[in-house]
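Enquirer: With the input below, show me the fold.
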Amino acid sequence: MNKYIIVIFATLLSFTLMGQNLAQVTSTRQLTSSNSYFPQINAQGTHIIYSDTEARNLYIQGVDSGARVTIANEGLPGFEARFSPEGKVYYITMRVNENRLVFRSAHEYDPETGNARIVLGEQHGALHAINGTNGMVVVGENKVWNESKAGTYAWTLGTKLYIVKNGKRRSYSPVLGCIGYLWASVSPDGSKVAFEASGKGLYVVDAGNGRVLMHTGEYVMPCWYNNDFLVAQTHGFRIALIRAGDGVSQNLAGGGCCMPAVGGGKIVYTTKNGVVNVMTIELNP
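Expert: Model (predicted):
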């Protein structure tokens, strides 16, 4: 086949895949006014958490009521805050000692009571609050909290993808030639893990053996909408829906949108003006 025909065919195929309608956007609503970043939404779809630009303050806000409460305002709590499946908030704070060493702690906040507690005390090195299929786990370089109850979960460190399944921790390096992996996310049924390989694109692997199941374009911050679809941010600052089996995608929100998260059948994201929007979609049959 003539090489020019091949190029034209490949280009048309690419546009076809990108242009398919996977879902209909049924509603989009603004939740905050400005300076709102790192949003997350709980599994019940009733509350969001978010922070300011520098993650100095962590807020929780009702999706319908709009009522806002400050959860924490010390130790940069906004960077890695997450909802657990039952709706509690877990977040990480940091402290720099006199020798310029960084120590991090993990905290739990209960929106129903307003009570907070430390679940993992200070330790040097990275610390991550991660949602597993059964619950929250906090993974540190030295200590781990709640790992036996979290189910299947995953995280990245450099060019290693760590997956804990059936109580066993394994590490994989399924993508070579990149500087590192980011944003590991486990599907609700625990069968697959999505992550970004820097400069290489979005990958989905089998959670049981690390085998690559799908590779598609350069998306960041992937999260599972359900077991078959992902939501992620494109490098063009759009929010996209991606079919995990073949990489077919559809843009859901226009330019200047970032930091998507999913919960309760809803999608939240931040606009270029620092406004958090909530979106609902209906998947096409």
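
Enquirer: if I look at the nearest residue to Asn251 once chain neighbours are set aside, how far off is Gly256?
Expert: Closest residue in space to Asn251, ignoring its immediate chain neighbours: Arg238 at 4.9 Å, by C-beta to C-beta, 6 or more residues apart in numbering. Just so you know, the C-beta spots here come from the backbone N, C-alpha and C atoms, and that holds for glycine as well. Applying C-beta to C-beta, to the nearest Å, the value for Arg238 to Gly256 is 8 Å.

Enquirer: so where is the protein shaky, pLDDT-wise?
Expert: 1-20 (pLDDT under 70).

Enquirer: rewinding a little: Arg238 and Gly256: which is more packed in?
Expert: Neighbour count, other C-beta atoms under 10 Å: between Arg238 and Gly256, Arg238 has more, with 20 against 12.

Enquirer: residue contacts, that one?
Expert: 251-255, 257 (C-beta atoms under 8 Å, 6 or more residues apart in numbering).

Enquirer: What are the boundaries of the helices in the chain?
Expert: Along the chain, counting by DSSP state H, helices occupy 3-19.

Enquirer: can you give me how far stretch 202-222 is from the chain middle?
Expert: Relative to its chain's centre, stretch 202-222 lies at 14 Å (C-alpha atoms, centre = their mean, to the nearest Å).

Enquirer: do stretch 200-211 as well
Expert: Counting by C-alpha atoms, centre = their mean, stretch 200-211 is centred 16 Å from the centre of its parent chain.

Enquirer: again, but for stretch 220-238
Expert: That offset, for stretch 220-238, works out to 8 Å (C-alpha atoms, centre = their mean).

Enquirer: gap between the two ends of it?
Expert: End-to-end distance for stretch 220-238, by C-alpha to C-alpha, to the nearest Å: 10 Å.

Enquirer: Stretch 238-251 now?
Expert: Criterion C-alpha to C-alpha; first-to-last residue distance in stretch 238-251 is 7 Å.

Enquirer: Could I get the buried residue list for it?
Expert: Neighbour-count burial for stretch 238-251 flags 238-244, 247-250 (criterion: 16 or more other C-beta atoms under 10 Å).

Enquirer: Among those residues, which one lies nearest to Ala81?
Expert: Lowest distance from Ala81 to the buried residues of stretch 238-251 (C-beta to C-beta) belongs to Ile239, with 20.0 Å.

Enquirer: how much space between that closest one and Tyr203?
Expert: Taking C-beta to C-beta, one finds Ile239 at 19 Å from Tyr203.

Enquirer: now do Phe103
Expert: 33 Å.

Enquirer: if I pick the closest residue to Gln44 other than its chain neighbours, what's in contact with it?
Expert: Leaving out its chain neighbours, the residue that sits closest to Gln44 by C-beta to C-beta, 6+ apart is Gly264, at 5.3 Å. Counting by C-beta under 8 Å, 6+ apart, Gly264 touches 41-46.

Enquirer: could you flag which of those are buried?
Expert: By neighbour count, with 16+ other C-beta under 10 Å, the contacts of Gly264 hold 41-43, 45-46 as buried.

Enquirer: Can you list which of the residues you listed are found in strands?
Expert: With strands defined by DSSP state E, the entries of these inside them are Ile41.
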